[in-house]
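Novice: What follows is a predicted structure for the sequence shown.
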Amino acid sequence: MRLRSWTTLSLMTIAQVAWGQTSTNPKLVTAEATSPEPSVNSYTVLGATSEQETLVRDQIRIMQPDVYPLRVLFMSHWKYVETARTFRLHVPAGYTSAMFTHLPSRSVFIDSDRYVSDDSLGYWVAHELGHLAANSASENAADKAAREYRKRLKDARKPDVH
Ligand SMILES: [Zn+2]
């Protein structure tokens, strides 16, 4: 298993970054004491309906991302916009505007009012997981990493593939 020093943020630090501060340096790397490598079910899903939580967990499990999020937050549109503003993030219009990722805290924020279907949820979550895998705010890097995840999602929908 590859060592990724930036995965070792303590929960305390993550909570502070996610909720207390507006530090948005996407390249933020800390080298604190080790914490367990996040795995399939070690992340938190917040604000989702039970259907949404089941769906997003299934999709993430199928995609087998190189880097798992620490939390996935579903929120209403106004809250989403407010959160993006708090992080001083530029949310590109019409592109990934239904979700964004805060890299330092490995948090994926999803606008519950904006994603339109189960498939579009998976499609865009793949992009956000791509940001995490690349540890980059670059849209190109995220899409490049997302390609494999989207393929796995697609393959999982084929009934004859096991
Ligand atoms: Zn993006």
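Specialist: Looks like it arrived, so ask away.
Novice: where exactly do the helices run in this structure?
Specialist: 11-15, 50-63, 77-86, 118-134, 139-157 (DSSP state H).
Novice: Identify all contacting residues around the fourth one.
Specialist: Applying Cβ atoms under 8 Å, 6 or more residues apart in numbering, the set of residues contacting helix 118-134 from outside is 52, 55-56, 59-60, 63, 65-69, 72, 96, 98-101, 103, 106, 108, 110, 115, 137, 141-146, 149-150, 153. Glycine gets a C-beta too; all of them are placed from N, C-alpha and C.
Novice: Could you do the second one as well?
Specialist: Contacts with helix 50-63, where a contact means Cβ under 8 Å, 6+ apart, come from 40-41, 43, 45, 48, 68-69, 72, 74, 110, 112, 118, 121-122, 125-126, 129, 149, 152-153, 156.
Novice: again, but for the third one
Specialist: Helix 77-86 has contacts (Cβ under 8 Å, 6+ apart) with Thr22, Met75, Val91, Phe100, Phe109, Ile110, Asp111, Ser112, Asp113, Arg114.
Novice: circling back to that earlier point, pull out the buried residues from the contacts of helix 50-63.
Specialist: 43, 45, 48, 68-69, 72, 74, 110, 112, 121-122, 125-126, 129, 149, 152-153, 156 (16 or more other Cβ atoms under 10 Å).
Novice: could I get the contacts of helix 77-86 as a markdown table with pLDDT and distance to the ion?
Specialist: Listed next are the contacts of helix 77-86 as a markdown table, based on pLDDT from 0 to 100; distance: Cβ to the ion, whole Å:
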| residue | pLDDT | distance to the ion |
| --- | --- | --- |
| Thr22 | 40 | 19 |
| Met75 | 95 | 17 |
| Val91 | 60 | 9 |
| Phe100 | 90 | 7 |
| Phe109 | 95 | 12 |
| Ile110 | 95 | 13 |
| Asp111 | 93 | 14 |
| Ser112 | 92 | 18 |
| Asp113 | 87 | 19 |
| Arg114 | 83 | 14 |
